[in-house]
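Asks: task: produce atomic coordinates for the following.
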Amino acid sequence: MGDDGDVAGRDGKKQKIRNMVLSMAVVIPVAWVSYLFIPHDAGKDPVRPIGYQVELDAARRAAPYAVAAPQGLGKDWRATSVRYEPQTKMGSVWHLGFLDPQTQYVGIEQSNGSPAVFVDDATQQAEKTDKTVQAGGLTWQRYEGSKYNALVHEGSGVTTVVTGTATFERLTEMAAALKAEKAKSPEGTPSGAPSATPAG
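Replies: Here you go, the predicted structure:
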């Protein structure tokens, strides 16, 4: 009697396992076929461009310097990051990041803090060279590094850095497109003199 119960139990387990195997044998091919016929965006660009006008307007109202942002860049330049930090160890810091048409990174960095400390941080320790570039009516110092290259302009009360993994041609293109402004005060008068380029 006990033996019959054990046998029945083992047969029941075998049946469950058999049913499970058969179910998997049916489900897996169906799932695979479904996967093959469902459209996939394997080539889709995972980078999502962002808007930055709200943050730019707020920074131009709050910053103690004219905040720079590009004008007239092509649509193949995509903004990917933006922030304004009013109080850091490097002063008031503005950041606006882009991907260029070759999907290389280009960042606009500004600060009213110590130029040497800020430039070292913004450029990922790139080294100053004796080369300069003319862009947007300003002279930019060229920096070269293993991680980032950069163009640096030290103006009156603000240091502007255009840096990233992009070529110097692209960095220069960005520097030439920059327009630095202070927002108008509530009374309707400029809270700082606007500039067509970063303050120089």
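Asks: please point out which parts of the longest strand belonging to the chain sit buried.
Replies: Residue-count comparison of every strand in the chain, with assignments taken from DSSP state E, identifies strand 78-88 as the longest. Residues of strand 78-88 classed as buried: 78, 79, 80, 82, 84 (neighbour count, 16 or more other Cβ atoms under 10 Å). Bear in mind the C-beta positions are built from the backbone N, C-alpha and C, glycine included.
Asks: residues in contact with the third one?
Replies: Spelled out, it's residue 80. When contacts are counted by Cβ atoms under 8 Å, 6 or more residues apart in numbering, residue 80 touches 47, 48, 49, 50, 97, 98, 99.
Asks: residue ranges with poor pLDDT in the protein?
Replies: Filtered on pLDDT under 70, the chain yields the residue ranges 1-46, 185-200.
Asks: one more time with 80
Replies: 1-47, 184-200 (pLDDT under 80).
Asks: domains of it?
Replies: The chain breaks down by automatic domain parsing into domains covering 1-44, 53-181.
Asks: so where do the strands sit in this protein?
Replies: Applying DSSP E to the chain gives strands spanning 67-70, 78-88, 91-99, 105-111, 127-135, 138-144, 149-154, 159-164, 178-181.
Asks: returning to that earlier point: got the CA positions of the longest strand of the chain in CSV?
Replies: What follows is strand 78-88, C-alpha atoms only, in CSV (Å, rounded to 0.1, in the frame of the first residue of the first chain):
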residue,chain,number,x,y,z
ARG,A,78,22.1,68.7,-29.3
ALA,A,79,22.0,70.1,-25.7
THR,A,80,22.3,67.3,-23.2
SER,A,81,22.9,68.9,-19.8
VAL,A,82,22.4,72.3,-18.1
ARG,A,83,22.8,73.7,-14.6
TYR,A,84,23.6,76.8,-12.7
GLU,A,85,25.1,76.6,-9.2
PRO,A,86,25.2,79.9,-7.4
GLN,A,87,27.6,78.9,-4.6
THR,A,88,30.4,76.4,-5.1
